[in-house]
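Engineer: Quick one, fold the following:
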Amino acid sequence: MSERLGVDDKSLGKMVTTISQAESFEVAKDICKDLKLDIKNIDDEKHLIKGKTKLSWTKNKFAKTFLVVVNASGSNSIIDVYYEGIGMRGPDSGTLIQPFYKKFIEKTNTSPELETGQIRIKWEDIEKSANEYVSLPNQVESSTHGTIPKDSEKTIQQITENPIHQQTLVQGSSNQGHMSSTTPMTLAQLKQFIGLKHDQYKAQWDKSGIVQFKSEHVAILQRMWGSQVQFIVAYDQLTKEGYRLMAIDEGKTGGQASGGFTGGVNAYFYFQKMEFVR
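Structural biologist: Okay, the predicted model is just below:
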C-alpha cells in the first residue's frame, strides 16, 4: 500500500538534452513565454524559472506552482520541470510537462530523452540544489569543465533519491531505463519503463499523420484515404534510409455504414531499421 499523497508531492519531467546549459535556459525562458505562464522569478545565475500555470485561458487566472531548473552535464544539460499538480493515477504531465517538451522539440529540432514521475520534495530544497553539475551515468567529463568537486557534483541517482509514488524516475542503473538494446528487461522493468517513457513517445506520436512515429529504430506509416501519394513518398524515403517493412495492420474495416466498402479504411505499416532486425 502506497503512502498518502502529501503537500510536497510533485510531478516531475526530466529531459536529457544535447545542448548547453546556457542555450537550454534561453529556450526554457522562451517556452514559458509562449505557454503564457505567470512567471514570478527568473534567476539567471541559478538557471531557474518559477511561476504558475494558467487556471483559465479565457480569464487571466493562474493555478499551480511550477519550477524549471536547468543544470549542466558536461557540454550538455538536464532540464527538470517540477509541477505541483498530481493526477489520479500518478504524475500530471499533460498540464505543463508535455506542452513544455513539445515546444522544446519544435524550437531546438531535437528529441531529447524525457522521463516523467512523481516525487516528494520541498520547493526550497529544489531551489537550493539548482545550478549544480549533474553527471550522467558513465559520462566522460569534458576537459572544458576540468575536475568537478565531489561536494558539488550530482548524479541522476542522487537527484532522484527522494521518495517517489506510482512511478520511479530512471536512475542510471544498468537495469533501469538506460538499458542497452541487448539487455533484456523483466516484466516489472518493462512495465516501469513504459510508464517512464509514455509521455516522451506520446509527444512524438502524430495520430493523424502519414508518418505516425519515427525513431532511429522503428517507424509507423498510416495510409489514409486520399493521401496515397504522400504515403508513397514516405514509404520510399524510409526504404532509402534502411527501414524494412515488418508488418501491416489493415485497421478498421468498413461495412454497410460506409457504403459497402469492405477494405481497410486506414492501414498501418510497421517498419524496423535493418540493423536492429534479428
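
Engineer: tell me the domain ranges of this structure?
Structural biologist: What automatic domain parsing lists as the domains of the chain is 9-183, 211-276.

Engineer: Not counting residues beside it along the chain, what's closest to Trp205?
Structural biologist: Closest residue in space to Trp205, ignoring its immediate chain neighbours: Phe213 at 5.3 Å, by CB to CB, 6 or more residues apart in numbering. Where you see a C-beta, it was placed from the backbone N, CA and C, and this is true even at glycine.

Engineer: Would you mind writing the CA trace of stretch 215-222 as PDB?
Structural biologist: Only the C-alpha atoms of stretch 215-222 are listed here, as PDB (Å, rounded to 0.1, in the frame of the first residue of the first chain):
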ATOM      1  CA  SER A 215      12.800   6.900 -34.300                       C
ATOM      2  CA  GLU A 216      16.200   5.600 -35.100                       C
ATOM      3  CA  HIS A 217      14.900   2.000 -34.600                       C
ATOM      4  CA  VAL A 218      11.300   1.900 -35.900                       C
ATOM      5  CA  ALA A 219       8.800   3.900 -38.000                       C
ATOM      6  CA  ILE A 220       5.000   3.700 -38.400                       C
ATOM      7  CA  LEU A 221       3.200   4.900 -41.500                       C
ATOM      8  CA  GLN A 222      -0.500   5.400 -41.900                       C
END
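
Engineer: Need the distance between the two termini of stretch 114-129.
Structural biologist: 20 Å (CA to CA, to the nearest Å).

Engineer: And stretch 231-248, by the same measure?
Structural biologist: Using CA to CA, the end-to-end distance of stretch 231-248 comes out at 14 Å.

Engineer: Stretch 197-216 too?
Structural biologist: Distance across stretch 197-216, first residue to last, is 16 Å (CA to CA).

Engineer: can you pull out the helices in the protein?
Structural biologist: 21-34, 97-108, 123-128, 156-159, 187-204, 228-240 (DSSP state H).

Engineer: partners of the closest residue to Glu241 other than its chain neighbours in the sheet?
Structural biologist: Excluding the flanking residues, the one nearest Glu241 by CB to CB, 6+ apart is Lys273, at 7.8 Å. Using DSSP bridges, the bridge partners assigned to Lys273 are Tyr243.

Engineer: Where does the prediction get shaky in the stretch 151-278 of the chain?
Structural biologist: For the stretch 151-278 of the chain, applying pLDDT under 70 flags the ranges 151-182, 252-265.

Engineer: If we use 90, what do you get?
Structural biologist: Counting by pLDDT under 90, the stretch 151-278 of the chain shows low-confidence ranges at 151-208, 215-216, 224-227, 250-266, 274-278.

Engineer: again with the stretch 1-150 of the chain
Structural biologist: Along the stretch 1-150 of the chain, segments meeting pLDDT under 90 span 1-8, 53-64, 73-75, 85-95, 111-113, 116-119, 128-150.

Engineer: all strands in it, in order from the N-terminus.
Structural biologist: For the stretch 1-150 of the chain, the strands defined by DSSP state E, counting those that start in this stretch cover 9-17, 38-43, 48-56, 61-73, 76-83, 86-87, 90-91, 113-120, 133-135.

Engineer: Please convert those strands to a markdown table, extending it with distance to Gly209.
Structural biologist: Below are these laid out as a markdown table (distance: least, CB to CB, whole Å):
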| stretch | distance to Gly209 |
| --- | --- |
| strand 9-17 | 23 |
| strand 38-43 | 33 |
| strand 48-56 | 27 |
| strand 61-73 | 29 |
| strand 76-83 | 26 |
| strand 86-87 | 27 |
| strand 90-91 | 27 |
| strand 113-120 | 20 |
| strand 133-135 | 34 |
